Structures are given as structure tokens and as C-alpha cells.
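Colleague: Sequence and predicted structure, then a few things I'm wondering about:
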Amino acid sequence: MTDVAREAGVSPMTVSYTYNRPQRVSAETRARVLAAAEALGYAGPDPSARSLRYGATRNLGLVLGEHLTYAFDDPQAVVFLAGLAEVCAERGYGLLIVPTGTGDEDADRVRAAAVDAYVVWTTTEDDPVLAATRSTRRPVVVHGGPELPGTTMIGIDNRAAARAVGLEVFAGVRKPAVLSFPLDRNRETFVRTGLDPETVAFPVTRDRLAGYRDAARELGIDWSTVPVGVCRTSDEGEARTILRQLPDVDAVAAMSDQLALAALPGRVSGWDDSAVAAEHDLTTIAQSLRAQGAACATTALGGDAPTHRDSWHLIRRASTSR
């Protein structure tokens, strides 16, 4: 910057204003500075140095906990990202996606991210990545849980919602089943009867299983006889493979609308009220992941936002009257 100032015949402060506060420099002086910078091969102030000087990066970090393509392939992740992006755009922030789950370097990658705050996609209490975000002393908002000291959790009451939809789909049936999200970060696929929700590491999965169990017990169904098919992703094909191991079930409660499609035609419920739910007449739990994403971003950037705990409702459709 000193070299550019000398070349242009101005002070270093004028060069700084040219890049950082152009309204304070005349058009003629700015043109002279930029011409000198081009002649010397100077591209402008280093963004990292600027961040150190002003103590802010103007970036919000999303710690995904999934392969990077998940953010663009999973329909509900796309909706959640749109909510984050909406707030970032309004406030002049960038959005940095930090994918994790690929190795021992995850925690270091998260700590090194040039961001002012973090939003963490739901994870487990013992996830080293969550500990890494907290260690930076930057604001941390966790979507869906866990809720830990020094963080803010935003999400719906998954247990209450699962109980409500479970009472709907399990009513009058003899052999219900559940299509579940992964239990922990190992993401293994299997079928287990009478799965104890308290053994589940992911809070969202744990709470939904507990809600389904609540509904089964209220309806006089022995939870120990209910098979739970655990899926690695919300892939319909994977769910179909699991259901082939359960030929006698007469109702299925699925943790996503995509998983629910595998049980059609049949008595089945989904989750999220996505476009496919309306298309296939699925009973489902409606929630706005876009609104929750916006709330996560707003809170992380220092604003006030609702928790969204009660921002859900049951939608009854034909899939539970079959």
C-alpha cells in the first residue's frame, strides 16, 4: 500500500480509503490510485488482514456434518439453507459451508473457518466438531440439538410431533413399524425390534422414536414388538430394501416424506410436508425448515428469534385411512 501511495503521489491513508471507503476519495484520485496499483500488480488489501483489523469476517459458518453434496441433494437441507441464505443476504453476510464427517481434521477445519458465528446441523453431544465450535467462543446455534451450555438450540418439539402422528398412523393396526433416521454418527443400516430411544445419540432421532413409542403405548401396542428400520439417508430405495425384511407390517411411521414413499401403497405417515407429501396424499408433520434456518442465522448473528418448539402441526391425508 505504501508503494502504491508513492507511485500515485498520495498518502497511504488515501490508498486505504480508495479500497475501503471510496466515497471519501475523488473520482480523479481514485483513478490515479487504481492505475498505480495495476502498474505495480497490487490487487488490494488482503481480506484476512482486513478481518483481523476489524474483528469480523462478515461470514456465517454452517457446520454441515454431512458430505458437501448433501446440502444440494437433500430437499429439506436445501430449504434450510435457503432460510440461512435469506438472512445472510439481508445483512450483507456470506455463507460458508463447512462439511465434516470426513476425518480427524474436521475439528481443525471448523476452528480455522473464517466466520463470525456458527450454525450447526443436528449432531451428537460427543461430536468433536461441536466441541470445536464452542472452543472458539464465537456464537453457536445448533439446529435440532443437542442443547449444550454456551449454545442456542432451535427446533421443534420432535417428541410431541411424533406422538401426534404416531397416534394417527398406528390407530387400529396390529403390526406397525418405523423407518428411522440414523442413530449415531456411524450411520449403520439395520432393523431392530423394540429399539430403546434412550440409546440413540442423535437428538432428533431419539425424540421422534420416543414420541412414536408414546403413541404405541397409548394405543395398547407393545413397543418391544415394533420393528425399527434404521436408514443411513432419506433414500427411498434404501427404505424399500429395509421394508422387504418386514413383509407383515400393516402401518409405517417414517421420519421423512421421502422414506414414507417406500411404504406406498399402504398405511403410512411422513414428516416435513414436502411437495411429495401433497402429491402422494401423505399424512405428515408440517414444519418450516426455511423459517428455522432463518431463525438460526438471525440468532447466530446477534438477533432475537423464536425457538420454533411449537411450530409444527399434523396434516391428515388419505395415506392413514387406507
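Modeller: The structure has been received and is ready for your questions.
Colleague: how about low-confidence regions in the stretch 1-150 of the chain?
Modeller: Filtered on pLDDT under 70, the stretch 1-150 of the chain yields the residue ranges 46-55, 102.
Colleague: Quick one: the helices in it, in order.
Modeller: Assigned helices in the stretch 1-150 of the chain, in chain order: 2-8, 12-20, 27-40, 47-54, 70-73, 75-91, 106-112, 128-135 (criterion: DSSP state H, counting those that start in this stretch).
Colleague: what comes up buried for the first one?
Modeller: This points to helix 2-8. For helix 2-8, burial by neighbour count (16 or more other C-beta atoms under 10 Å) applies to Val4, Ala5, Glu7, Ala8. Using the backbone N, CA and C atoms, a C-beta is placed for each residue, glycine as well.
Colleague: mind checking how far that helix is from the chain centre?
Modeller: 47 Å (C-alpha atoms, centre = their mean, to the nearest Å).
Colleague: And it, what does it pack against?
Modeller: On a contact count with 3 or more C-beta pairs under 8 Å, 6 or more residues apart in numbering; DSSP states H and E, helix 2-8 meets helix 12-20, helix 27-40.
Colleague: would TSV of the ones you listed with distance to Leu130 and mean neighbour count be doable?
Modeller: TSV is the format used below for the helices and strands packed on helix 2-8 (distance: least, C-beta to C-beta, whole Å; neighbours: other C-beta atoms under 10 Å):
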stretch	distance to Leu130	mean neighbour count
helix 12-20	36	18
helix 27-40	43	15
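Colleague: closest one to Leu259 among the helices of the stretch 1-150 of the chain?
Modeller: helix 75-91 (11.6 Å; C-beta to C-beta).
Colleague: Can you dump the C-alpha atoms of that closest one in CSV for me?
Modeller: What follows is helix 75-91, C-alpha atoms only, in CSV (Å, rounded to 0.1, in the frame of the first residue of the first chain):
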residue,chain,number,x,y,z
PRO,A,75,-34.7,-31.5,-0.2
GLN,A,76,-35.1,-30.4,3.4
ALA,A,77,-31.4,-29.4,3.7
VAL,A,78,-31.9,-27.2,0.6
VAL,A,79,-34.9,-25.5,2.2
PHE,A,80,-33.0,-24.9,5.5
LEU,A,81,-30.1,-23.4,3.5
ALA,A,82,-32.5,-21.0,1.8
GLY,A,83,-33.5,-19.7,5.2
LEU,A,84,-29.9,-19.2,6.2
ALA,A,85,-29.1,-17.5,2.9
GLU,A,86,-32.1,-15.2,3.1
VAL,A,87,-30.9,-13.7,6.4
CYS,A,88,-27.2,-13.5,5.3
ALA,A,89,-28.3,-11.7,2.1
GLU,A,90,-30.3,-9.2,4.1
ARG,A,91,-27.4,-8.4,6.5
